[in-house]
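Chemist: The sequence and its predicted three-dimensional model are supplied below.
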Amino acid sequence: MKYLNLFVCLVATCFANSQQAPSFKIPYEKFTLANGLQVIFHIDRSDPVVAVSLTAHVGSARETEGRTGFAHLFEHLLFLESENLGKGGLDKLTARIGGSGANGSTSRDRTNYLQTVPNDALEKMLWAEADKLGWFINTVTDPVLAKEKQVVKNEKRQGVDNVPYGHNSYVIDKNLYPADHPYNWQVIGSLEDLQNASLDYVKEFFRRWYVPNNVTLVVAGDFDPVQAKKWVIKYFEEIKRGEAVNNMPKQPGAVAQTVKLYHEDNFARLPQLTMAWPTVEQYHPDSYPLSVLAQYLTQGKKAPFYQVIVENKKLAANTSMFQRESELAGNMQLTIRAFADKDLDTVMTAVNEAFSKFEKEGIAEKDLQRIKAGQERQFYNGLSSVLGKGAILAQYNIFAGDPGYAEKDINNILAVTPADVMRVYEKYIKGKNFVATSFVPKGKMDLALESSKKADVVEELIAANENEQVDPNIKATYEKTPSSFDRSKEPPYGKEPKLTIPLVWQTKLDNSMRIAGIENREVPLVQFDLVIGGGLLLENIDKVGVSNLLA
Amino acid sequence: MMTQGTKNKTPQELEEAIQLLGASINVSAGTEDIRISVNTLAKNYQATVDLVEEILLEPRWDAKEFELIKQSVISQLKQQEGEPNSLAQNQYNELIYGRSNIRSRNLLGTTASVNAITMDDLKDYYNKNISPSVTRMHVVGALDKARILGSVIDLTDKWKVKKVDIPAWTVATKTDKAKVYFFDVPDAKQSMLRFGYPALSVTDADYYPAVVMNYILGGGGFASRLTQELREGKGYTYGISSFFSGSHAVGPFTIASGVRSNVTYESSQLVKDIVEKFGNSYTEADLVTTKSFLTKSNTRAFETAGAKLNLLDNVTKYNWSPDYVLQREKIVKNMTVEKIRSLSNKYLDTNKMVWLVVGDAKTQLEPLKKLGFGDPVLLNPATKAF
């Protein structure tokens, strides 16, 4: 990610009736330019905004050994400068137009760039996004690269190196996927590879993957599609098609023999056991029952893992399991962060007991129904903003080969049967080899699973990273990439959007509770809260913790 | 505890009732309130409100769940001891508010206090304080006012008013000279920086003007000086920001970041320099950018249901008119460089700030003497590992 939002926004939950046959669609229009750029429009007139996203079908899976972290480093570079916007151009533009912030994210399989802006800035955004593909690479210089490496290394420290259990995914993926598997390494890469990234290779990476025939552009929101299509053609059509890009073959992970590893974690105070099994990739028919399985086993009072591990044996406060899915492969991951000083072998015994319980009892139809209802709601959760809708249209277009995949996706969720859930359990989990990691506090190796080997984790030494001085302000000199028209001039604003404040009603009830509301019929949902004043302020300072326990 | 069953429903039965409606009901505690957040289908709205009413008025006080929750909180507290971010937040609150102010305390309590709390403590808090007279309800969705008001008739009838006086726990405005504090996390790969002081309440006339001023300092992401210089110029960090926070009560102005360990002093010094020269170096161009962003971004301000709930929260909490955004636009449009300078003189005094660093003391504490705020105070000398 280019940056992290410090404040997480609440999203509206949309929800469809799981009792009726769903016919949910996200309407869209798709066209492809001669250079291969795929373009998707989605109209939503509920607010005068548009979300613009550019997604390239390249993630860490396209990297090669010794060059890990490049796809993500690229995500960062693409925000910094381009020929026609200049240094910091997109960020400056974003501030002026009142955008939500130009952000992006990189996964194993794709990199995206997205933001929501007031709809009078649509032409400006299309102009700016086109510069990324056609008028960018000349601006990347050694000093710019040197500085951005430092930023990305800090991102890794913040998300991996300086947080508890930060290295867990690294250890699991190294062992779940063979050395030549594209998921063997982490998206963030290694500090060493990042430091060694050379300008030549960076340019080569761009020319191979950032070509219009490997990119999907999505515009979602309140705009005129006829006008927008003209602008897309104007700004993108002259960018040259690149070498053909093929999808990589599906390739499951493989664990020839069960692997047990431990790591003494400088930041962990509680021992944590993680088990991982190779399963299937995203949108595979079995991925749906696997998701149900993960949730049924660990979430809520009826979950076998909750009953055995939390309620009966009191080994942990909660349990979690999820099906991690990507384009080429997937895996099931069970995590139990135990209470302080609990031996993970005891936890493992309880895990096996919980599995046996499930084998005996299976899943009841009623439990399946409530889980599906929740999954469906989560699905719609992602669609409450134009940014979310744009992102999922791109996701479907690239990985399901169909921007209209939403309907099938929902139907697949709803079609899962109890027998499917048991079948995938037997096929992928029961008696299968797995990777188990024990992340334990420093000096608490005795809590790790018996016969675990030390995991190979590279930790940075503070003294070792001296002299990382950078000066990114040195101006790049290059010959400008030609264009059929003058792109150096920023396009004008469109018609200024009208700011409408939602209509608010409010009153005081007979018991003196205040109540206020906004009627909003975009989706058949209601979201409400009751805010009871006092919280911590009403507690006894010598016995703090009451309001939190009460909540 | 509130979602752990009701008088007539076991915890499991309540969980199932909520899930079968396709609803979610979450209860969380904060410094100034306890919040029940609900999501549901419009057609199941009444049934969901009925469950909320049951949760509010007929608590179960399940002893088994109480023990599980206590263990869970103690476990969370244990884990926070190892997390640089949690440590920084907890230490910073103590430095801003002072130990004797309850606002300084970790909401979760301490291992000792959680162990000491009994079910009777919860009942006592509930009986005295959970009252409609201090409650505000906000509803966003596909139902009109009449339907919403109709839905709470029973709740209004049954939920009786208690007299609740919420103490302000006002932060002491007395400001000592700036001081550097260090909390040691041996071998930390980053240093967490938290610099700030108790500044303004949201209701202060200067609050929003100060927010406008802060946009170019550290409120505006990539448009801000702090991000431009520490991240884009030096590569010291992945992110840095500054912000005013508060409520009816005065809250702190804070600068927050995580920086590469071996540039802890350099980063702190650079922040100090940027803040000190901010007012005088503020330009007309900065003001144009600020005005443009803060007015144009309002078209996005109410897109999601969450944003609409936030609007309602401000309206009922501060008695603001629903179009307070338009009033804020006026403040923005009338802002001048001179006003920004005078605000920065008043609210960005580095000599009044707490300079807290959470990182590796053995390599990073010593150089911080050069900041010119005296010798750093080590906050956790007992765990000193060098």
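Modeler: Received the coordinates, thanks. Remember, it's a predicted structure, so these values are computed and weren't measured experimentally. Residues are numbered from 1 along each chain as shown, chains lettered A, B, ... in the order given.

Chemist: The stretch 301-450 of chain A: strands as residue ranges?
Modeler: When secondary structure is read from DSSP state E, counting those that start in this stretch, the stretch 301-450 of chain A shows strands at A:320-325, A:330-337, A:435-441.

Chemist: so the longest one versus strand A:435-441, what angle?
Modeler: Relative orientation of strand A:330-337 and strand A:435-441, computed by axes from the mean of the first three to the mean of the last three Cα atoms, to 10 degrees: 30 degrees.

Chemist: Mind exporting the C-alpha coordinates of strand A:330-337 to CSV?
Modeler: Extracted C-alpha coordinates of strand A:330-337, given in CSV (Å, rounded to 0.1, in the frame of the first residue of the first chain):
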residue,chain,number,x,y,z
GLY,A,330,-4.9,-21.1,-1.8
ASN,A,331,-4.5,-22.4,1.6
MET,A,332,-6.4,-23.0,4.8
GLN,A,333,-5.0,-21.4,7.9
LEU,A,334,-5.9,-22.0,11.5
THR,A,335,-4.6,-19.6,14.2
ILE,A,336,-4.8,-20.0,17.9
ARG,A,337,-3.2,-17.3,20.1
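
Chemist: Please report the distance of residue A:504 from chain B.
Modeler: Distance of residue A:504 to chain B, given as Cβ to the nearest Cβ, to the nearest Å: 4 Å. Any C-beta I mention is one placed from the backbone N, CA and C, and that applies to glycine too.

Chemist: What does that residue show for phi and psi?
Modeler: Phi and psi for residue A:504, reported as degrees, to the nearest 10, are phi -110, psi 130.

Chemist: Touching, it and residue A:518? I think so.
Modeler: Yes: contact criterion Cβ atoms under 8 Å: residue A:504 and residue A:518 qualify, at 5.9 Å.

Chemist: More neighbours: these two, which one.
Modeler: It is residue A:518, of residue A:504 and residue A:518, that has more neighbours when counted by other Cβ atoms under 10 Å in any protein chain shown, with 22 against 18.

Chemist: Just confirm the more buried one is within a strand.
Modeler: Yes: under DSSP: H, G, I helix; E, B strand; the rest coil, residue A:518 falls within a strand.

Chemist: Contact partners for it?
Modeler: Going by Cβ atoms under 8 Å, 6 or more residues apart in numbering or on different chains, residue A:518 touches A:502, A:503, A:504, A:505, B:139, B:140, B:308, B:311, B:312.

Chemist: Swap in 7 Å and give it another go.
Modeler: Residues near residue A:518 by Cβ atoms under 7 Å, 6 or more residues apart in numbering or on different chains: A:502, A:503, A:504, B:140, B:308, B:312.

Chemist: Would you tell me which residues of the stretch 201-350 of chain A are close to chain B?
Modeler: When proximity is defined as Cβ under 7 Å from any Cβ of the partner chain, the stretch 201-350 of chain A approaches chain B at A:266-270, A:300-302, A:310, A:314, A:317, A:339-340.

Chemist: Neighbour count and pLDDT for the residues you listed - can I get that in TSV?
Modeler: Listed next are those as TSV, based on neighbours: other Cβ atoms under 10 Å in any protein chain shown; pLDDT from 0 to 100:
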residue	neighbour count	pLDDT
A:266	18	95
A:267	22	95
A:268	24	96
A:269	20	96
A:270	26	97
A:300	18	93
A:301	18	95
A:302	18	95
A:310	22	97
A:314	13	97
A:317	21	96
A:339	17	97
A:340	16	96
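
Chemist: Check the residues you listed and tell me the two furthest apart.
Modeler: The largest separation in these, counting by Cβ to Cβ, is between A:266 and A:302 at 37.3 Å.

Chemist: between residue A:504 and residue A:518, what contacts are shared?
Modeler: In contact with both residue A:504 and residue A:518: residue B:312, using Cβ under 7 Å, 6+ apart.

Chemist: and the host helix or strand of residue A:31, which strands flank it?
Modeler: Element membership of residue A:31, judged by DSSP states H and E, is strand A:29-32. The strands beside strand A:29-32 in its sheet (DSSP bridges) come out as strand A:38-43 (antiparallel).

Chemist: can you give me the helices in the stretch 151-300 of chain A?
Modeler: All helices of the stretch 151-300 of chain A, identified by DSSP state H, counting those that start in this stretch, fall at A:168-176, A:191-196, A:199-209, A:225-236, A:287-298.

Chemist: Lowest mean pLDDT across these, which one is that?
Modeler: Averaging pLDDT over each of those singles out helix A:191-196 as the lowest, with a mean of 86.

Chemist: got the buried residues for that helix?
Modeler: Going by neighbour count (16 or more other Cβ atoms under 10 Å in any protein chain shown), the buried part of helix A:191-196 is A:191, A:193, A:194.

Chemist: Please export the C-alpha coordinates of it as CSV.
Modeler: Extracted as CSV, the C-alpha positions of helix A:191-196 are listed here (Å, rounded to 0.1, in the frame of the first residue of the first chain):
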residue,chain,number,x,y,z
LEU,A,191,15.1,-5.9,2.9
GLU,A,192,18.1,-7.2,1.1
ASP,A,193,16.4,-7.6,-2.3
LEU,A,194,14.8,-4.2,-2.0
GLN,A,195,18.2,-2.6,-1.3
ASN,A,196,19.7,-4.4,-4.3
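
Chemist: what does that helix contact?
Modeler: With Cβ under 7 Å, 6+ apart as the test, helix A:191-196 has contacts from A:66, A:67, A:68, A:69, A:73, A:149, A:152, A:153, A:156, A:460.

Chemist: among these, which two are most distant?
Modeler: A:67 and A:460 (19.4 Å).

Chemist: residues in contact with the residue most central in space within chain B?
Modeler: Centroid check for chain B by Cα atoms, centre = their mean gives residue B:245 as the closest residue, at 7.2 Å. Counting by Cβ under 7 Å, 6+ apart, residue B:245 touches B:251, B:252, B:254.

Chemist: Mean neighbour count, the helices of the stretch 151-300 of chain A: which tops it?
Modeler: With neighbours taken as mean count of other Cβ atoms under 10 Å in any protein chain shown, these reach their highest mean count in helix A:287-298, at a mean of 24.

Chemist: and the angle from that helix to strand A:320-325?
Modeler: Computed by the same axes, to 10 degrees, the angle between helix A:287-298 and strand A:320-325 is 170 degrees.

Chemist: which helices and strands sit right next to helix A:287-298?
Modeler: Judged by 3 or more Cβ pairs under 7 Å, 6 or more residues apart in numbering or on different chains; DSSP states H and E, the packing partners of helix A:287-298 are helix A:304-305, strand A:320-325, strand A:330-337, helix A:365-381, helix A:418-428.

Chemist: do you know which of the ones you listed lies nearest residue A:359?
Modeler: Once those are compared by Cβ to Cβ, helix A:418-428 is nearest, at 7.8 Å.

Chemist: Report the rounded mean pLDDT for that closest one.
Modeler: 98.

Chemist: picking up where we left off before, CA atoms of the strand holding residue A:31 as CSV?
Modeler: Extracted C-alpha coordinates of strand A:29-32, given in CSV (Å, rounded to 0.1, in the frame of the first residue of the first chain):
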residue,chain,number,x,y,z
GLU,A,29,-20.4,-1.5,-19.6
LYS,A,30,-17.2,-2.9,-20.9
PHE,A,31,-15.1,-2.0,-24.0
THR,A,32,-11.5,-2.7,-25.1
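
Chemist: Mind splitting chain A into its structural domains?
Modeler: In terms of domains, chain A is parsed into A:29-165+A:179-247, A:505-550 (source: automatic domain parsing).
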